[in-house]
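> I need the structure of the sequence given here:
(chains A, B and C)
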Amino acid sequence: MSTFSPLEGQHIMLTGATGFVGQAILEKLLADYPTTRMTLLIRPKGSLTGEARLKSLLRKPVFSKWRERVGQDEVDRAMAERITVIESSMGSVAGLPADLDVLIHSASTVSFDPPIDEAFKTNVGGAVGLYEALLATGSDPHVVHVSTAYVGGINKGTAVEASLKHSIQWRDEMAAALAARTTVEASSRRPEVLRKLIADAKIDNGKVGPHAVALAAEAGRVEWVTKRLVDYGRTRAQSVGWADVYAFTKSMSERVAEELWAGNGHRLSVVRPAIIESALRHPFPGWIDGFKVADPLIIAYGRGLVPEFPGLPDSILDIIPVDIVVNATLAVAANPPAVDDPKYYHLSSGGRNPLTFREIYENVLKYFRANPIPDDQRGHIRTPYWDFPGARAIARSLRTGERANRLLQRTLLRLPSTKTTRTFMRQASARQTDLDLLRAYSDLYQNYTQAEIIYDDSRTAALNETLPAGAHETFGFDATEIDWDHYLQEVHFPAVTTLMRTFSSRPRAKAQVEKPLPHNPEAAAFFDLEGTVLASNIIEQYLWVRLASLDRSKWPQELANLFGSLPRYIAADRRDRGEFIRTFYRRYEGVDEQALKGLIHDTVGDVLLQRIRPEAVRQIRKHREAGHRTILVTGAIDVLVEPFVTLFDEVVSSHMHSKDGIWTGHLSKPPLVDEARAAWLRLYGAREGIDLAKSYAYGDSIADRSWLELVGNPQAVNPDAALFQHATQKHWRIHQWSDHNHSRIDTISELLRGDIVTDSTPSPKDITHE
Amino acid sequence: MSRPGFVLSVDAQTPPLVVFQGEKVLLERLPIDASVLYPPEALPGIHSLDAAIDDALDTPVDSDPLSALLKRGSRVTIVFEDLTQPVTSRTAPDVRQRVIEHVLERAAAAGVDDVELIAATGLRRRLTAQDLQRVLGERIYASFGPDHVRSHDAESDSLVTVGELPDTTPIEVNGRVASSDLVISVRLATAVGNEGAAAVATKLIGAKTARARGAFANRGAGAAADTNGADAFDGLVDTIGDKAQVFTIDVTLTPEPTGPASAFLSKREREWSLTDRALSAGLQAATRILPSRARVGLAQVSGVGYGVTSVVAGKPSSVHPLTESFLTQQQVGQFDSPADVALFGIPNPGSIGSSLNPVTAAALGLGQIFNGSTAEPVVRAGGTAIFYHPLTPWFHPLHDPAYIDFFAEVLTKTTDPAVISAEYEEKFAADPWYRHVYQTSFANHALHPFHAWYSAAPAIDHLGEVIFVGGDHEATRRLGFKSATTLADALEMASDSVGLTPSITYVHGAPVSVPEVS
Amino acid sequence: MSRLAVRLSVTAQSYGLEHVAETKGPYIFVSNHPSELDEALVRDALRHLSPRLVTVAVEPRRGIRGLVDQALSLRSASRLAVLLASGTSVLLFAEKTRTDDGSLAQLDLGAALLGIRTGAPLVPVSIVGSYRALPPWRTTVEPGRPRVQVLFGRPIRAGVGDEPSAVTDELAAAISTGLAEESRGWYGARRSQADGAHAPETAAGGEAGWRKIWKATATPTSPSRRRVWQ
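All right, here's what the predicted structure looks like:
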């Protein structure tokens, strides 16, 4: 290698050093360009300063080989002496050094479909800010602008290494993109839009309470705005001939570079890499940082999620390993062009060493047949065979699948919660995620895989030829030397699947071992009654009381009446639990409170006691032993809760308004349900000095969510589908307590025998004095 | 004297035999050379109960006639036993009702106004109003209303101390009983069983006393503990406390088929007529087709009731030995030697909709080893006992809250009675919720499952293995036993300890109820 | 009235059958006679125990039935004795006259004589509630299936040397005790009897007729469910 030392002693500025390509460039400079100095533009993130970010950057695996080679001390020295960090964001670049030799601009957005304003701000606005700051310093570095091959747009045929030919004005587009946000934000506040969002929020969160609905509606609006702006971006890009807003904005940023830099008499080179994938050799084969464009598809295929794919078998997928990109970029940086003659370089493989879709597919198939991904349950995933039926067929089957799954989910949410429905729910959610992924790939990859465009990279090849012999090993960037089979099978796929295996393999949740509860006199345990402690509901309780106090002959009439009113009650319950309780308790109009107390004491109390869940009693006992205060909070009437009073330290229940000992059918204060209960809990905790963060709460339906969230240890008991979803997301403890095993028929037969008030037959003592 | 019990030796011609398995009735073919112990045939019941009761009350043993003991203005308490099995055929009034009617007629004639009736439930649950009406009859229940008819409350505040156990725990008995002038105790004893302790006061003690008396440490292999406890209660046989004099009326019962459908169940299979065979086939078919709930009802319809064989009244210490000797006549005769393997069938009790919970069923079954129908255990030490019961983990939600927790919390940790006694008994005994539901609702006392488990302990020690045929796998495991699907499998399992050709004895018929668990 | 009609129109309860079942039949049933339902009620109650039953009332029956009785000469003691010997039980309404207020009138000595002569057990029967169900001024039973009770007492065996009047007194006392159960309960009725509180009403002759009818037709406090909803 003798004296080949490009970029000798030069001062290089690098933007986007934290990105995939940026890291690699930095690493290459540190490792193989020992005389260079770097200035990095790093944006502080949160509480991390630019310096801190650099430090953590240097710990990443890309630098590991270099660190092994030179030792930690050298790394520290390099960091101190060779690297300077400028903290700035793209929008406001301040204080660029005046002695730059090269500027490599590789910062850009990471996602394909960002909202249009974000895309423009980062890709275009960032470039504008950078170049303007550079102009302000008055220096004259060689700028290497890292773009992307896909700025060529949706075309057919060969793309040449030259400036883009289109007439789109970047300033207009930028202004329009930024204005789009204002427009869309305003549009999202229109009543029509908001009404639909509120309705959707109510369906999912109505039972939790009004506050939750409001939060969900606003979150929905923000989501709507984002979606709309993404749509703006994609559609605008497609309308002017690009695949997506990324390619569109990157092409705009090329125009910016041409106009602001080259147009002002400076030297500009533009490199356009294709799809950048894992390294072929440097720093080590298979190095990659996160998933890139083609990888999710590969993995999805390996997981058996992609039964078919919309792609033409002989279309070319242009993949280029990152170390070739890095070498090429640095070679370009070392060969500046003339002042007003910017040079363009394609970094791709499709020109001289194309990789067809069918070849990729065959390699993927071969690889995953040999190294299948282990299935969640057992065995391995069998990867499907592809037939390439065409885009339309695929789209159709995708649509049907999505519709079916959505319907299934909607149905399940309405059904009562049992073990079976919960399993289905889980499966449906998993399937939904898969379908969403598939839809995303489908939309995204359509353009890449159906493209029939070839990127000519002759200039790059020529540049490669200029390297001295012997330097090719370290500095070469020849796409023709890639052996695709070797690269895919031995380098890329293993790297990608290792990444995936680390992500997806989670240790199976171990069986919960029951530990005794921590002792804490300031903690409390709040229990809901219906469905949690008692396997019954207020309608059933009413029924027992009513039947016990009516003659048998009147039962059919009463039952018919009740069943006739059920739809009304169910509707009210769906709207608002408080409303349901109020409506239902009207049936208690005319009750003699003393007589009811007597009835509960003699007969119905035992019926209710039969429905207690033994696990609940055990749990309450555990809390008592741990010194926690046990509190029952329920919407049921206090007279009906009487049999359970001894179980708890405190009972809070509804109270009926009575006049002269007869109930009027109205409650004496609003029932404590949903968010009212949450408010009460907060107040109670403050008043009684309870440490809510250490307390426990047990509930069973989605309506309980608001007050369950207030305590530090919320527990779901036999949750319904919606609460189950929520609980699994938030990692709450879910209990399965047995449903009572005393059938309702037995209860009714006991009530049939009924509460006979024994006659006033005088006792023997009374008779003698008659 | 009726036909005594006999031992059948199974050969190739023996038809399949009736075996109770919870709510099912199976017909099992036993291996050749097994022995089957048939209980003695039912003694004819007394035809004229009125006359017999009159006789007993007018000429009691070692006591003045009852009419003489009842005086105007005296405080009388009638204490009657609570066996949860139905005590007579469904149509005729309960035996206790008949006896108490006679007693009350004499009391009315004598001018007694202060009468109370107390069910000697011990640690069992209170009797509901329906239960009491069934036992006493509508008219007596209506006369004494809900106020003067009660079940014994072991946790009551009004218990009175009348003595002391050897370990200095005071003996507390029911307050009303201790403060009465005359306590008339109506006791029942099923044939082929025993009557329990001589003193009726053992069923009227408070919870603390019951706990001390039934503590595992105090139980030996049956005999030693009895003398221990019996010593303390000897002074309570004839008088309780200072003034309460006890007058006992002992009634011995014999099983009687209640309906034509069940007659064949107690007959020896060899002697089944054609009708019996048809009925049996019908029962088999019905058992297979009907769902479990209906099966339970079926067993009740074809169940077994009781008839009365003798009525003796008088001073308890004199009457008790008479009753005991009368009963021993009913036991099965001698058999040659204890077998390696013993088979028992366990039916469900009579009331519709209830089946035995696993702990009670196991205790009932194991109780047959030492307290069963034979004087000596039918199985040798270290042998295997095979029971037929599904052991479904079903517990009555109202009656058995302590059992549910016992099964779920205590038995999952250990089945060793010594450990259970040391670590869990205190917690259960002191728990306020159990006390609340025992006193105000109809739950068994919290100590009940413990005593049931302790009563089974001697049998478990004696046996090498315990296998349940048809038992729910998880429940059987938790109790510490094994479960098998068929008899052949069970014998296969047992072959490890008893060998491939063990001597087998099957005890035919329903088990005798053990006092602690009935 | 036929047995089926009785069963449909009233709720009949019978007690004390076990005393009858344990004694060997045939029996002489001695009953009070408050209403026309009585014969059918007793027949219905005894349908398992004593299928063959003949009814005789001390007060002669009117009309066609009376003629039938005369034809069969049921009212002669010897005829009845023959019937008993052949195994047919006899139901005797032994009140000398039927009161029109449902209370118990004085008993004729004929029942006791028959019992002494044949040695058959005398079973006192009290019928409670049938006066209210079918009082003399009604042709049909009161609607609502009123409760009627048939109470069988302990059989009395009259020996040859017994005094008829003593036996008759015993029978009357037994029937009155049964009648008193309605107001005083089972135990209370026996206590009152022991204390001598009730002698046959006619002897006292105290209360006015209308008051007796009023008491007899009072709606009984039948056990009902507790009323919670007012």
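
> please count neighbours and contacts with C-alpha atoms only from this point.
Noted.

> following the helix or strand bottoming out on mean pLDDT in chain B, which helix or strand shows up next?
One helix or strand of chain B scores below all others by mean pLDDT, DSSP states H and E: helix B:292-301, with a mean of 50. Following helix B:292-301 in sequence order, the next helix or strand is strand B:304-314 (DSSP states H and E).

> by contact count, what packs against that next one?
Judged by 3 or more CA pairs under 8 Å, 6 or more residues apart in numbering or on different chains; DSSP states H and E, strand B:304-314 is in contact with helix B:49-58, strand B:244-257, helix B:316-328.

> quick one: contacts of stretch B:410-417?
Defining contact as CA atoms under 8 Å, 6 or more residues apart in numbering or on different chains, one finds that stretch B:410-417 is touched by B:216, B:420, B:424, B:453, B:454, B:457, B:478, B:479, B:480.

> derive a ChimeraX selection command for the buried subset of those.
Command for ChimeraX, covering only those of the contacts of stretch B:410-417 found buried under the criterion 16 or more other CA atoms under 10 Å in any protein chain shown:
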select /B:216,420,453,454,457,478,479,480
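
> re earlier: dump the helices and strands packed on strand B:304-314 into JSON lines; add mean neighbour count, distance to chain C and mean pLDDT as well.
Shown next, in JSON lines, are those (neighbours: other CA atoms under 10 Å in any protein chain shown; distance: least, CA to the nearest CA, whole Å; pLDDT from 0 to 100):
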{"stretch": "helix B:49-58", "mean neighbour count": "19", "distance to chain C": "7", "mean pLDDT": "91"}
{"stretch": "strand B:244-257", "mean neighbour count": "25", "distance to chain C": "17", "mean pLDDT": "82"}
{"stretch": "helix B:316-328", "mean neighbour count": "18", "distance to chain C": "24", "mean pLDDT": "85"}
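
> so which of those is nearest residue A:429?
Across the helices and strands packed on strand B:304-314, residue A:429 has its closest neighbour in strand B:244-257 (60.9 Å, CA to CA).

> just checking: what are the partner strands of the closest one?
Using DSSP bridges, the strands paired with strand B:244-257 in its sheet are strand B:182-190 (parallel), strand B:239-240 (antiparallel), strand B:304-314 (antiparallel).

> who's in contact with residue B:498?
By CA under 8 Å, 6+ apart, the neighbours of residue B:498 are B:340, B:341, B:383, B:384.

> the first one is in contact with residue B:379, isn't it?
This means residue B:340. Yes: in this structure, residue B:340 is within contact of residue B:379 by CA atoms under 8 Å, at 5.7 Å.

> distance check, residue A:590 against residue A:111.
67 Å (CA to CA, to the nearest Å).

> who has more neighbours, those two?
Ranked by neighbour count (other CA atoms under 10 Å in any protein chain shown), residue A:590 and residue A:111 place residue A:590 first, with 17 against 11.

> for the chain, longest helix please?
You didn't say which chain, so I picked chain A. Secondary structure of chain A read by DSSP state H shows that its longest helix is helix A:419-450.

> try chain C instead
Using DSSP H to define each element, chain C has its longest helix at helix C:164-194.

> and that one with chain A, contact?
Yes: Helix C:164-194 lies within reach of chain A by CA under 8 Å from any CA of the partner chain, at C:183, C:184, C:185, C:187, C:188, C:191, C:192.

> out of those, what pair is the most spread apart?
Taking CA to CA, the two most distant members of those are C:183 and C:191; they sit 12.6 Å apart.

> more neighbours, these two?
The neighbour comparison of residue C:183 against residue C:191 (other CA under 10 Å) goes to residue C:191, with 28 against 13.

> tell me which element the residue nearest to the more buried one when sequence neighbours are not counted is part of?
Once flanking residues are discounted, residue C:191 sits nearest to residue B:108: 4.6 Å by CA to CA, 6 or more residues apart in numbering or on different chains. Using DSSP H and E, residue B:108 sits within helix B:95-110.

> contacts for that helix next, please.
Against helix B:95-110 from outside (CA under 8 Å, 6+ apart): B:50, B:53-54, B:66-67, B:70-72, B:78, B:80, B:87-88, B:135-137, B:140, B:186, B:308, C:187, C:190-191, C:193-195.
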